[in-house]
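Undergrad: 3D, please:
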Amino acid sequence: MADNGPDQAAENYLQLLNQHERALSAYVYALVNDRHDAEDIIQSCKLTMWKQFARFEAGSHFVAWARRIALHQILNYRRSARRKPLYSTDPAFIEAVAAEIDREGETLSARSEALQECLRQLPENQRRLVLLRYYEDHDISLIAQETERTEAAVYKLLSRVRSALNDCVTARLSASAT
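TA: Numbers count the residues shown, from 1 in each chain. Model (predicted):
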């Protein structure tokens, strides 16, 4: 079977959707007041994205592409359904809010990328501590047991690591802005 066959396309689409579904949902929920309407729009958006996935350029920004489709879905839904007003039914207003969300999303994406790079630079024991606490959601007492430290030592080390990560992220963002 060829790498670019329908099965591979479906797998690629599902992988990208799974990776970015939360961002897409947050975007729609930010622009649509009613939860049920938002869920309908998200489902419609996913279907449209799948139908148009052949036009998606691999390597381009999936979230930006998905947001463009979502914005059109929201505007079409508002025009055709004449449902409860969002904040305003003026399409220009919705587009302005969508543009602001896109700008904020780019900032969050840059922060996330900087954080990932800063995490990679941490010594292994500090990176493990961060992963246990924030990715695996372990409480401090469990981390203390697993790392053979006191709870106070874990708190202190986490505080130093958070400070170092914050400094690293701030420096990376400042460097990329210049």
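
Undergrad: Please name the nearest non-neighbouring residue to L157.
TA: L129 (6.2 Å; CB to CB, 6 or more residues apart in numbering). From N, CA and C alone the C-beta is placed, and that goes for glycine too.

Undergrad: sorry, that was for Y29
TA: A38 (5.0 Å).

Undergrad: Flag the shaky bits of the chain, pLDDT-wise.
TA: For the chain, residues meeting the criterion pLDDT under 70 lie at 1-6, 81-109, 178.

Undergrad: Walk me through the domains of it.
TA: Listed domain ranges for the chain are 1-108, 122-178 (source: automatic domain parsing).

Undergrad: Just the helices from this structure, written as ranges.
TA: In the chain, the segments counted as helices under DSSP state H are 6-31, 35-52, 62-81, 91-121, 124-130, 140-147, 151-177.

Undergrad: Now render the ones you listed as a markdown table, adding mean neighbour count.
TA: Below are the helices of the chain laid out as a markdown table (neighbours: other CB atoms under 10 Å):
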| stretch | mean neighbour count |
| --- | --- |
| helix 6-31 | 15 |
| helix 35-52 | 16 |
| helix 62-81 | 17 |
| helix 91-121 | 14 |
| helix 124-130 | 14 |
| helix 140-147 | 15 |
| helix 151-177 | 14 |
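
Undergrad: pretty sure A38 is in contact with A30, am I right?
TA: No: between A38 and A30 there is no contact under CB atoms under 8 Å: 9.2 Å.
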